[in-house]
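Engineer: need the 3D shape of this:
(2 chains)
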Amino acid sequence: MKILVPVKRVIDYNVKPRIKGDQTGVDLSNVKMSMNPFDEIAVEEAARLKEAGKADEVVVVSIGEQKAQETLRTGLAMGADRGILIVTEQMPEPLAVAKILAKVTEEESPDLVILGKQAIDDDSNQTGQMLAALLGWSQGTFASKVEPGEEGVNVTREIDGGLETLKLTTPAIITTDLRLNEPRYASLPNIMKAKKKPIDEKTAADLGVDVAPRLETLKVTEPPKREAGEMVPDVDTLVAKLKEMGVAA
Amino acid sequence: MTTLVLADHDNKELGSATLSAITAAKKLGGDVHVLVAGEGSQAVADAAAKVDGVAKVLHADDAAYGHALAENVAPLIEGLMDGYDALVAPATTTGKNILPRVAAKMDIQQISEIIAVNDDGSFDRPTYAGNAIATVKTSDAKKVITVRATGFDKAATEGGSASVEAVSGPGDSGKSSFVSAQVAESERPELTSASVIVSGGRALQSGENFEKYIEPLADKLGAAIGASRAAVDAGYVPNDYQVGQTGKIVAPEVYIAIGISGAIQHLAGMKDSKTIIAINKDEDAPIFQVADYGLVADLYEAVPELTSKL
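Structural biologist: Purely as a prediction, here's the structure:
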């Protein structure tokens, strides 16, 4: 079995985004960038399937500026075998990303594509579902458990109110949720080894994909601030407040 | 201009997030139709027909739609979209699963989780875990939109008298099938529709402490139970308790945060609550900057005292 894992370079999870003064977006200059956390979970899952003898090859693919190479190296250090970088001038929207990934998928013919359920920058939660649509594949989104079997793959999904398990025909698209696994930290020897693993480079134009945006961002602003209220001295005061609000008898 | 709203439901009841999506759909202008795709879901179609502002209900009742499998429901919607200018769904796990599949097939760039429809035809949506609100406009001829329920009032469940029309689609794609569900059986209100929520954070230290400290207080208040991502990551409670940008977005009348420091991604999920109460022993915890009432105290003493005095 072959697994393709798309990974996105995003602002580090621990960095508080600063909005540019001219409201055109979030300032990403001199900001620590990392692999999207949900994509780390996707790489980890693929690496584990390989270690369990259920997959033979794990390929990571990233789309964006040259620096996305670093994100691919992280994936390679976590256990992926090789990388593909699709260079674009600006970050394409989810539909264009899905179109690029559909081309890569057609070239690579993986049995599974495992993606993060959403990127923590634009929070769209679209790419995996769109890729499944374009390829006509089955989709197991928000996965907390992935069990490849003789025929197809069983995916347990995090849904509102609990979990559900679906059986998908393969090839299939899977998107990861938080509880699927806990991603490893790459060891130093593996980081060194990853430097020697191959990364193939292409452009979106090479793949014949139009990445022109459909959405125009008119402005990016800070959310309205909530004013801090009052500190209460003790539990009795809090009880009185709850009674005033009518939530306690 | 006519908008189709995909109803979120469990084949028995119309999910309340659908009512917020209907309000958002009305703001687009023009007629609002609702699609109920399910199995044995007549009661849902009837309920949708009574919602204020709904002009027509399309009802696709088939075993293939009983579990809202995206592979089956997306082609059904696609087949109906000829007569519509926009497709809207609440940003529930079902809506988020299905809508991008429809959008991609129609070559439309979806607009996710809108919190406002502006007069100039643009939409506001939270990005960067709620740290940045993007105002966007689309150049696509048709729109596909998911709606964050807390951004819009719920449409009234009475007042409408829409016709219900049976529709059908391609049926079972054969690509996926339902195996099982583990849906939490609980007497408690559902997290996203509860009027009071008691949430616990990492300071609870264990699942047992959630049972011992959070549950009795929630019982007293008839509240739903939530949790921070840190508490979910630590394994104290299941993921469907998670309130935050990557979990559930809630806006109850009263939100009580216990032992939650107030990481930005958690605040993104609850800051639209009407009243926020925080109990934390760290007086510098960021949660106090958004709380209406803050109590600096050890939760292991304050919470049992609060529970006993209510």
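Engineer: distance from the chain centre to the stretch of helix or strand B:Ser199 belongs to, please.
Structural biologist: Element membership for B:Ser199, per DSSP states H and E: strand B:196-200. Offset of strand B:196-200 from its chain centre (Cα atoms, centre = their mean, to the nearest Å): 16 Å.
Engineer: just stretch B:65-73 next, same as before
Structural biologist: For stretch B:65-73, the distance to the chain centre is 19 Å (Cα atoms, centre = their mean).
Engineer: which residues touch that stretch?
Structural biologist: Residues from elsewhere that reach stretch B:65-73 (Cβ atoms under 8 Å, 6 or more residues apart in numbering or on different chains): A:129, A:132, A:138-139, A:141, A:164, A:166, B:6, B:11, B:37-40, B:64, B:76, B:94, B:97-98, B:101, B:169-173, B:175-178. All C-beta atoms are positioned from the backbone trio N, CA, C, and that covers glycine.
Engineer: for it, measure first residue to last.
Structural biologist: 6 Å (Cα to Cα, to the nearest Å).
Engineer: residues of that stretch that come out buried?
Structural biologist: B:Tyr65, B:Gly66, B:His67, B:Ala68, B:Leu69, B:Ala70, B:Glu71, B:Asn72, B:Val73 (16 or more other Cβ atoms under 10 Å in any protein chain shown).
Engineer: Throw those into JSON lines and include pLDDT, thanks.
Structural biologist: Shown next, in JSON lines, are these (pLDDT from 0 to 100):
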{"residue": "B:Tyr65", "pLDDT": "98"}
{"residue": "B:Gly66", "pLDDT": "97"}
{"residue": "B:His67", "pLDDT": "97"}
{"residue": "B:Ala68", "pLDDT": "98"}
{"residue": "B:Leu69", "pLDDT": "98"}
{"residue": "B:Ala70", "pLDDT": "98"}
{"residue": "B:Glu71", "pLDDT": "98"}
{"residue": "B:Asn72", "pLDDT": "98"}
{"residue": "B:Val73", "pLDDT": "98"}
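Engineer: the longest strand seen in chain A and chain B, any residue contact?
Structural biologist: Counting residues, the longest strand found in chain A (DSSP state E) is strand A:138-148. Yes. Contact of strand A:138-148 with chain B (Cβ under 8 Å from any Cβ of the partner chain) involves A:Ser138, A:Gln139, A:Gly140, A:Thr141, A:Phe142, A:Ser144.
Engineer: returning to that earlier point: among the buried residues of stretch B:65-73, which are in helices?
Structural biologist: Those of these mapping onto helices are B:Ala70, B:Glu71, B:Asn72, B:Val73, per DSSP state H.
Engineer: surely A:Ser62 meets A:Leu4?
Structural biologist: No. Taking Cβ atoms under 8 Å as the definition, A:Ser62 is not a contact partner of A:Leu4, at 11.5 Å.
Engineer: and the strands in chain A, which stretches?
Structural biologist: Under DSSP E, chain A gives strands at A:2-7, A:9-11, A:33-35, A:57-64, A:82-87, A:112-116, A:138-148, A:153-159, A:162-168, A:172-176, A:199-203, A:215-221, A:230-231.
Engineer: which stretch among those strands comes nearest B:Ile260?
Structural biologist: strand A:230-231 (16.3 Å; Cβ to Cβ).
Engineer: contacts only, for B:Met81.
Structural biologist: Contacts of B:Met81 by Cβ under 8 Å, 6+ apart are B:Leu4, B:Leu87, B:Val102, B:Met106, B:Lys142.
Engineer: quick one on the thing from earlier: between the residues of strand A:138-148 next to chain B, which is closest to chain B?
Structural biologist: Taking Cβ to the nearest Cβ as the measure, chain B sits nearest to A:Ser138 out of those, at 4.0 Å.
Engineer: for chain A, which spans come out with low pLDDT?
Structural biologist: A:249 (pLDDT under 70).
Engineer: which SSE is B:Ile256 in?
Structural biologist: strand B:254-258.
Engineer: can you pull the contacts of B:Ala263?
Structural biologist: B:Ala263 neighbours (Cβ under 8 Å, 6+ apart): B:Ser228, B:Arg229, B:Ala230, B:Gly244, B:Pro286.
Engineer: which ones among the contacts of stretch B:65-73 lie within helices?
Structural biologist: A:Gln129, A:Ala132, B:Leu76, B:Thr94, B:Asn97, B:Ile98, B:Arg101.
Engineer: and the furthest pair within the contacts of B:Ala263?
Structural biologist: B:Arg229 and B:Pro286 (14.3 Å).
Engineer: what about the two, which has more around it?
Structural biologist: Taking neighbours as other Cβ atoms under 10 Å in any protein chain shown, B:Arg229 and B:Pro286 compare with B:Arg229 leading, 22 against 17.
Engineer: wait, that one sits on B:Ala268?
Structural biologist: No. If you go by Cβ under 8 Å, B:Arg229 and B:Ala268 don't touch, sitting 10.6 Å apart.
Engineer: pull up the overlap in contacts between the two.
Structural biologist: Contacts common to B:Arg229 and B:Ala268, judged by Cβ under 8 Å, 6+ apart, are B:Gly244.
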